[in-house]
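Student: here is my input; please provide its structure:
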Amino acid sequence: MTQPSTPLTDLEYDAATSKVFAAIEAAVDRWLQQDVIDIDTQRTGGLLELTVPRGGKIVINTQPPLHELWLAGRSGGYHFKHNAGRWIDRDGREFFERLSECASEQAGCALRFESPV
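Tutor: Next comes the predicted model:
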């Protein structure tokens, strides 16, 4: 099922993906401070890697030519398009919902990432 997308300029796309990365990094920092879980993050340009204890890596990366956001984890790879302020995959699932599922599965505990919107 292909989801419609909201057209973005390159600047809007960069701003939207930067907000996503900042929200993920803020959640991980909060969990570290609250001693919930120790997830290592490494960000290089449009690539953010989360190393989950006992669970391997989750990779989030931007795809500027396509204006997409990609997520890869143990359960698979997902492509998200911007739609009315949210990132939606081909199955109609929202990015932060899918990321929360992947992280929870790989960490062995419930983790919830929140959309910055």
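
Student: against which helices or strands is the helix or strand encompassing H79 packed?
Tutor: For H79, the host element (DSSP states H and E) is strand 76-83. Counting contacts by 3 or more CB pairs under 8 Å, 6 or more residues apart in numbering; DSSP states H and E, strand 76-83 packs against strand 68-73, strand 86-89, helix 95-107. C-beta coordinates here come from the backbone N, C-alpha and C atoms, glycine included.

Student: for the last one, what is the distance to the chain centroid?
Tutor: Taking CA atoms, centre = their mean, to the nearest Å, one finds the center of helix 95-107 at 9 Å from the center of the full chain.

Student: count of neighbours near the nearest residue to C109 once chain neighbours are set aside?
Tutor: Spatially, and ignoring its direct neighbours in sequence, C109 is nearest to I37 (6.6 Å; CB to CB, 6 or more residues apart in numbering). By other CB atoms under 10 Å, 16 other residues sit near I37.

Student: dump the helices and strands packed on strand 76-83 into TSV; add distance to L8 as well.
Tutor: As requested, the helices and strands packed on strand 76-83 are exported to TSV (distance: least, CB to CB, whole Å):
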stretch	distance to L8
strand 68-73	11
strand 86-89	11
helix 95-107	15
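
Student: quick one, grab the pLDDT at G56.
Tutor: As predicted, G56 sits at a pLDDT of 89.

Student: again, but for G85
Tutor: pLDDT at G85 comes out at 90.

Student: with P4 instead?
Tutor: 68.

Student: Throw the helices and strands packed on strand 76-83 into CSV and include distance to P7 and mean neighbour count, thanks.
Tutor: Below are these laid out as CSV (distance: least, CB to CB, whole Å; neighbours: other CB atoms under 10 Å):
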stretch, distance to P7, mean neighbour count
strand 68-73, 13, 20
strand 86-89, 14, 22
helix 95-107, 18, 20
